[in-house]
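Trainee: just need the structure, nothing else, for what follows:
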Amino acid sequence: MSKTFYIENDDMLERYELVTERISTIKEDKDLSEKLQAYFNQVAEFIMAVEPVLDKAVAGELENRSLEECKADHDRIFAIYKAGTYENSFLCPTYAVAELGEQLGGPLSAIYYRLTDMIRAAFAGRLDIFTIYCELFMQVYGVCQVESDDKFRREDIISAMASFKHDYCTIFTAEVFVGMIDPEYDFYRNIIMKSDLSDDRYLYRYGMYISDNELKMAAHLRSMPHEDVVAMARTYVEGYIKGFEVCGKDISIKDTVGVHAPAGFELMTREAIKLFNEAGLAATVRFGGTDGRNLFSTVPNKQCEYDHKDDVAYVWDKGLADRILEVTKNTYEKNKELAAVFGGPAVIETFGDAPFEPKNFPANAEYTDKQNELNVYFMSQSGQITNQYIHGEERSFTIIAYPIPEIGDKFNEIFNETVAVNTMDYELYKNIQQHIIDVLDQGETVHVTGRGDNHTDITVKLHHLDNPEKQTNFENCVADVNIPVGEVFTSPELEGTNGVLHVTQVYLNELCYKNLEMKFEDGKIVSYNCSNFDTEEENKKYIFDNVLFKHETLPISEFAIGTNTRAFVMGQKYDIADKLPILIAEKTGPHFAVGDTCYSHSEDVPMYNPDGKECIARDNSCSLLRKTDISKAYFNCHTDITIPYYELGDITVTKADGRQLEIIREGRFVVPGTEELNKVFE
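Mentor: All right, here's what the predicted structure looks like:
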């Protein structure tokens, strides 16, 4: 049996049988008001729909189900997310508040959402997790029966939520980190490595939502020549290994790699795991669900996920934050040998799903200003703990992306073009980008402007090169950690970086931003806005939550010039520019990142370009604070904002003597030696 954090308790089976038997009879109760009873009936019905899967998993019968049985179990369980069903159920906070009132609707909807994690537990045969979730549900049911006033009910419900999160974070928090670094946690890896991948039934063993994307993607990879699938895996694995090489990091001291992959890509993922093994790296595959990292699948209902993203606000306080941090540190300390040999993540991303524009509803949970400050504190402390055990100066990563069938009728063409983009000529781009860097390194500042409806006008201050013969400001980024090829980037000086960054539309972490605008003074955001919502307050909160990640300001952490014009043309040709992941989108024009620099936690590790010059622009005045107060040095976020070529005006370098050198004029490269980049536009 796979290694797990299974709760050791001789009475667990008895507890499970008792609590599920009681839940099965809830619909017969008549003690509560009609609407409140309807809530408990609905959630109980969900639990009873999941329970048969757990029973089959514990009995070792899940993999023996027919494909029809797999689909029936899947459709029964995930019906709660269907459009039309979700909006009219207590899983939706807006519906719950309308039916149960402001005191009870939000917290009870949040509990229902938390209980959906029972799906994962059931498929993994985790009787313990399933049972404690059932016990939470019955505890809340008991509270509502004892109390008659909604105000007191709310207090007791939130108290139950807080106690549950506090008491069981030794399971839920610890398992997240150990699952990342310990290859003995092999439940999901075994599905990938040992299943018959010609039979779609394996997809229904994860406990994830399986859509046409996953089914069609698996079928597409099966239709490809096996050597092509192996070549895709090799590009991915070699990118990871090159990441260590170009950063001067010793991969020989690492034993494990975290494989992040989408369901449906198992043929490629299996080959990649084999190649990692040949390189001396064991793969960990941790459950990710729908978060786009670890093992993940299509999100069944993005609005549901968005509605519940801040549910922890109901219980979030300093005591809980410190409890989770304590468990995190203790977990790493107990597993410090495993943490020390963890090399970092190797990520396969997907793109092509329908663009999502979220809607804000007043019923959704919101953090208070004090809780937002606590979030910043928590992320800072958590990042420091992780870096203490998985040293930033020793780890690396790689990311590669492919389209999913949902992208449209031309999926096959787009997939093939993406494969071509991901395997473009390393040497060609290395040489072209060096010509650009040679011009950039002559400057003190770089001025970037937009054109048409784009009113970007920003000046970036570059670091001073003491020895231009041996130093450079810009990294020549080809195909290693960020696949595909195609950018030169730097960490600017903050002081002296001023102006406005604007883009008419951009997708960041799958969220759409219309007319996103940020103003910078001395490299830090001083104002921001967009036009997604009707009010300025809503627009600013949207950015504050999802770009600034609740920081009052963030610094410009990266300025880059994307050079992958082929990827840009692919986006335009197939009308998928709005669906390209940031990994590819950042290569399709200049981009600016806000948050931590690309060298976060490894600023003191020398970095050299292929020409032998050291990239000295690894710090800024924020990251340098790590030497005096590390809590102020890092923001634990990094978001790239790209200006597409068709919105780009000029990029001009200004030298110390005032002379100007052009890099791009009206969206086209003008540096001698870069002519190849403009050919695809023709």
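
Trainee: got the CA coordinates for stretch 466-486 in PDB?
Mentor: The C-alpha trace of stretch 466-486 is given here as PDB (Å, rounded to 0.1, in the frame of the first residue of the first chain):
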ATOM      1  CA  ASP A 466      31.600  47.900 -13.700                       C
ATOM      2  CA  ASN A 467      33.300  45.700 -16.300                       C
ATOM      3  CA  PRO A 468      31.200  45.400 -19.500                       C
ATOM      4  CA  GLU A 469      33.700  42.900 -20.900                       C
ATOM      5  CA  LYS A 470      32.800  40.400 -18.300                       C
ATOM      6  CA  GLN A 471      29.400  41.600 -17.100                       C
ATOM      7  CA  THR A 472      25.900  41.800 -18.500                       C
ATOM      8  CA  ASN A 473      22.500  43.100 -17.300                       C
ATOM      9  CA  PHE A 474      20.400  40.600 -19.300                       C
ATOM     10  CA  GLU A 475      20.100  36.900 -19.100                       C
ATOM     11  CA  ASN A 476      20.100  35.200 -22.500                       C
ATOM     12  CA  CYS A 477      17.100  32.900 -21.900                       C
ATOM     13  CA  VAL A 478      16.700  30.000 -24.300                       C
ATOM     14  CA  ALA A 479      15.100  26.600 -23.700                       C
ATOM     15  CA  ASP A 480      15.900  25.500 -20.100                       C
ATOM     16  CA  VAL A 481      13.700  26.400 -17.100                       C
ATOM     17  CA  ASN A 482      11.200  28.300 -19.300                       C
ATOM     18  CA  ILE A 483      10.300  26.400 -22.400                       C
ATOM     19  CA  PRO A 484      10.000  27.600 -25.200                       C
ATOM     20  CA  VAL A 485      13.000  29.800 -26.200                       C
ATOM     21  CA  GLY A 486      12.600  33.500 -26.600                       C
END
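
Trainee: how about that stretch: buried residues?
Mentor: Of all the residues in stretch 466-486, those buried under the rule 16 or more other C-beta atoms under 10 Å are 471-486. Where C-beta positions appear, they are placed from N, C-alpha and C, glycine not excepted.

Trainee: show me which of those is closest to E61.
Mentor: For the buried residues of stretch 466-486, the closest approach to E61 (C-beta to C-beta) belongs to I483, at 40.6 Å.

Trainee: one step back: from the buried residues of stretch 466-486, which has minimum pLDDT?
Mentor: Ranked by pLDDT, the buried residues of stretch 466-486 bottom out at A479 (62).

Trainee: tell me the spacing between G562 and P345.
Mentor: 23 Å (C-beta to C-beta, to the nearest Å).

Trainee: neighbour count: the two, which is higher?
Mentor: Taking other C-beta atoms under 10 Å, G562 and P345 do not tie; G562 has more neighbours (26 against 20).

Trainee: surely that one and F592 touch.
Mentor: No: counting by C-beta atoms under 8 Å, G562 does not reach F592; the two are 11.3 Å apart.

Trainee: and E469, how far from N476?
Mentor: Between E469 and N476 the distance is 16 Å, computed by C-beta to C-beta.

Trainee: just to revisit the earlier point, can you list residues touching both of G562 and F592?
Mentor: Common contacts of G562 and F592 (C-beta atoms under 8 Å, 6 or more residues apart in numbering): none found.

Trainee: give me the low-pLDDT residue ranges for this protein?
Mentor: Within the chain, the set of residues satisfying pLDDT under 70 comprises 1-9, 288-293, 479-480.

Trainee: go through it and flag its longest helix.
Mentor: Secondary structure assigned by DSSP state H gives helix 150-181 as the longest helix of the chain.

Trainee: which positions within the next helix or strand after that helix qualify as buried?
Mentor: Under the assignment DSSP states H and E, the closest C-terminal helix or strand after helix 150-181 is helix 187-194. Neighbour counts over helix 187-194 (16+ other C-beta under 10 Å) mark F187, Y188, R189, I191, I192, M193 as buried.

Trainee: what are the boundaries of the strands in the stretch 151-300 of the chain?
Mentor: Applying DSSP state E, counting those that start in this stretch to the stretch 151-300 of the chain gives strands spanning 256-262, 282-284, 287-289, 295-296.

Trainee: so which of these is the most packed in?
Mentor: Most buried of the strands of the stretch 151-300 of the chain, by mean neighbour count (mean count of other C-beta atoms under 10 Å): strand 256-262, with a mean of 25.

Trainee: packing partners of the host helix or strand of N476?
Mentor: For N476, the host element (DSSP H and E) is strand 475-477. Under the contact criterion of 3 or more C-beta pairs under 8 Å, 6 or more residues apart in numbering; DSSP states H and E, strand 475-477 touches helix 426-440, strand 487-490.

Trainee: which parts of the lengthiest strand in the chain are buried?
Mentor: Ranked by residue count under DSSP state E, the longest strand found in the chain is strand 493-508. Neighbour-count burial for strand 493-508, counted by 16+ other C-beta under 10 Å, picks out 493-494, 497-499, 501-508.

Trainee: what of stretch 306-320?
Mentor: Those would be Y306, D307, H308, D310, D311, V312, A313, Y314, V315, W316, L320, for stretch 306-320 by 16+ other C-beta under 10 Å.

Trainee: now, among the residues you listed, which is nearest to R153?
Mentor: Looking across the buried residues of stretch 306-320 and measuring by C-beta to C-beta, the closest to R153 is Y314, at 13.5 Å.

Trainee: was I right about that closest one contacting G105?
Mentor: No: look at Y314 against G105 with C-beta under 8 Å: they stay out of range, at 11.8 Å.

Trainee: name the helices or strands packed onto the longest strand of the chain?
Mentor: Here strand 493-508 touches strand 457-461, strand 511-521, helix 582-585, strand 638-642, going by 3+ C-beta pairs under 8 Å, 6+ apart.

Trainee: try 7 Å this time
Mentor: strand 457-461, strand 511-521, strand 638-642 (3 or more C-beta pairs under 7 Å, 6 or more residues apart in numbering; DSSP states H and E).

Trainee: just the C-alpha atoms of that strand, please, in CSV.
Mentor: C-alpha atoms of strand 493-508 as CSV (Å, rounded to 0.1, in the frame of the first residue of the first chain):
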residue,chain,number,x,y,z
GLU,A,493,17.1,49.0,-10.5
LEU,A,494,14.0,50.2,-8.8
GLU,A,495,15.2,53.7,-8.1
GLY,A,496,14.8,55.5,-11.5
THR,A,497,12.2,53.1,-12.9
ASN,A,498,9.1,55.2,-13.5
GLY,A,499,6.1,55.4,-15.7
VAL,A,500,2.9,53.6,-16.8
LEU,A,501,2.4,50.0,-17.9
HIS,A,502,-0.9,49.4,-19.7
VAL,A,503,-2.3,46.5,-21.7
THR,A,504,-5.8,46.5,-23.2
GLN,A,505,-6.4,42.9,-22.3
VAL,A,506,-4.3,40.2,-20.6
TYR,A,507,-4.9,36.9,-18.9
LEU,A,508,-3.0,36.4,-15.6
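
Trainee: and it with strand 511-521, angle?
Mentor: Angle of strand 493-508 versus strand 511-521, following axes from the mean of the first three to the mean of the last three C-alpha atoms, to 10 degrees, is 160 degrees.

Trainee: fine by me, thanks again.
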